[in-house]
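A.B. asks: Quick one, structure for this:
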Amino acid sequence: MAGCTPAKRAQLKKKFAELDKDGSNSLDINELAALLKKGNPGMKHDEIEQLYSACDKNGDGVIDFDEFLDYIYSQERSAHSNDRAAGGRHARLAGERNVGDDDTETPEGWAACQSVFESYAGQGGGLDNKEFAKMCKDNKLIGHGFQKHDVDLIFTKVVTKGKRQLNFSQFQDAVRHIAAKRNQTNAEIMAIVGKSDGPVMHATKLIGSRFYDDKSTFTGAAAHNSAFEGTDPTHGGDRHAASQAAEAAKLERQHEEEGDWGACESVFKAFAGPGGELDGKEFIKMCDDCGLLGGGLTKQDVDIVFASAAHGGRKFGFDGFKVAVAKIAQKKKKAVYEIQDKIAGSSGPRLTGATKTEAVRFYDDKSTYTGAAGEVFGRDDDRGASRHADEHARQQAIENGTDEEKPWEEALATFNAYGGANGIDSREFLKLAVDAKLFDAKFRKEDMDIVFTQAVGKGNRKLDETSFKKAVRLMAFKKDCGVDKVQDALAAHKGGPELHGTEAEYSRFHDDKDTYTGMHVGK
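C.D. replies: Okay, the predicted model is just below:
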């Protein structure tokens, strides 16, 4: 190859051998990638594939030394371009200029290029490979002998080894290489770059919306928002007030169509009962029994009507009922008196039960009731009249402490052994009760959760010394024994939790060393 001295060729031959890791006298794509990424670590795999195909002149899938030599000198030559007639192979154009050999450059031209360079430069003040490629694409430099893969080749050629960005001086060299590739003067490429308006942003343009862009059409809160310029607070008036006024006018017209409410009130009282108010379920039953459902009125509509008439409450009286009837008429598109007639024609709540229950002495004979039920339903004598109250009083007395209690020092020592200064949580309390064998037929593990919850207090998760005493007293109440009995059981475990491990069984062949044979003898 012209310009390649024997010494230079020998030097390149040695470099080729270093890259040829497998000793095949050729470079595969991975070996060439190692060379390219030394100069430009950010190169992508598809970019490397394009360069590899460009270097593989004979298309045999590998790059031999001559092809490698041609690639090296194609980088060092001042300029080269594509010979499209030869199927895309690179060849030297006859009479092509050397890079930097024209005198058309001017300081003014470079000043314009520097402004464009700075508009494309990212952090660090230089151009990386992507930014350089975007500059070439935005300014339509690709074409006429300067192809996409040449962008990477020129970037790799001019960038400082080990760096990832071009400074402006290197950018000037890149412009000269582009001019040589396109077979144009440096000034012509400088003029193209200098006329650039900077990076071209490709984004979807929003279509104008009158209801968004024309702020004078805003209504409600948006019309009064000072953050929007050009709003008209008077536009459209107060729609909420207008809507309320229209609703009130509609109800007023319906009231003019009302009949006599006397008969309806009697039916209302029949459904409402002694309290004189209807809840949601009773109102739905009334609508169903009076034949109001259907004709545009569903059970879901009844719920909405009820919520509106009750103003968020759980019940309404007769005044709320009249509002609900008007709304039902509105929903069914009928006059109010027509709905009133339907309701007035009802004979009251329908009873739908069909099975007659058999008499049960313990249910029907109220004289057998005891405790709270006896107080509510009444009885002929005072059987069990105060049993519930007596039990509650006894529990309260035990919780407050009794004379039969012993000093708490030993029981609290057990408390500290199981829980410590931080108190006892529910698991530790359960473990303590198991170890102390406190569970019996009257006090079961299910009762433990109730005792713990009652004693610990709302919002707490552990028993302290005071709530622990309360829990012990509650256990005594549940077990129907003295508090001192529970204290004694707890005091016996002040040494701490019992550890229950599996005890190994005796094995003559393991424990009797005289039976050992072979290599185990004497061990």
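A.B. asks: Do I have it right that Lys445 meets Leu438?
C.D. replies: No - with the criterion set as Cβ atoms under 8 Å, Lys445 and Leu438 do not qualify as a contacting pair; they are 10.1 Å apart. To be clear about C-beta, it is placed using only N, CA and C from the backbone, and glycine gets the same treatment.
A.B. asks: With neighbour numbers in mind, choose between those two.
C.D. replies: Leu438 (19 against 10; other Cβ atoms under 10 Å).
A.B. asks: so what's the more buried one up against?
C.D. replies: In this structure, Leu438 makes contact with Met475, Lys479, Val486, Ala489, judged by Cβ atoms under 8 Å, 6 or more residues apart in numbering.
A.B. asks: where along the stretch 251-400 of the chain do the strands fall?
C.D. replies: 278-279, 315-316 (DSSP state E, counting those that start in this stretch).
A.B. asks: could you say what helices and strands the first one packs with?
C.D. replies: When contacts are defined as 3 or more Cβ pairs under 8 Å, 6 or more residues apart in numbering; DSSP states H and E, strand 278-279 packs onto helix 262-272, strand 315-316.
A.B. asks: can you rerun that using 10 Å?
C.D. replies: Packed against strand 278-279, as judged by 3 or more Cβ pairs under 10 Å, 6 or more residues apart in numbering; DSSP states H and E, are the following elements: helix 262-272, helix 280-289, helix 299-310, strand 315-316, helix 318-332.
A.B. asks: residues making contact with the second one?
C.D. replies: Judged by Cβ atoms under 10 Å, 6 or more residues apart in numbering, the contacts made with helix 280-289 from elsewhere in the structure are 267-268, 270-273, 275, 278, 292-294, 297, 299, 301-303, 305-307, 309-310, 314-316, 320-321, 324-325, 328, 339, 342-343, 346-350, 352.
A.B. asks: How far away from the center of its chain is it?
C.D. replies: On the basis of Cα atoms, centre = their mean, to the nearest Å, helix 280-289 sits 42 Å off its chain's mean C-alpha point.
A.B. asks: relative to helix 299-310, how tilted is that helix?
C.D. replies: Interaxial angle of helix 280-289 relative to helix 299-310 (axes from the mean of the first three to the mean of the last three Cα atoms, to 10 degrees): 120 degrees.
A.B. asks: Quick check: buried residues in helix 280-289?
C.D. replies: By neighbour count on 16 or more other Cβ atoms under 10 Å, the buried set for helix 280-289 is Glu282, Phe283, Ile284, Lys285, Met286, Cys287, Asp289.
A.B. asks: can I get those in TSV with distance to Glu47 and pLDDT?
C.D. replies: Converted to TSV, the buried residues of helix 280-289 look like this (distance: Cβ to Cβ, whole Å; pLDDT from 0 to 100):
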residue	distance to Glu47	pLDDT
Glu282	79	91
Phe283	76	93
Ile284	73	93
Lys285	78	92
Met286	80	91
Cys287	76	93
Asp289	82	91
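A.B. asks: Just give me the closest of those residues to Ser169.
C.D. replies: Minimum distance to Ser169 across these is 86.3 Å, recorded for Ile284 (Cβ to Cβ).
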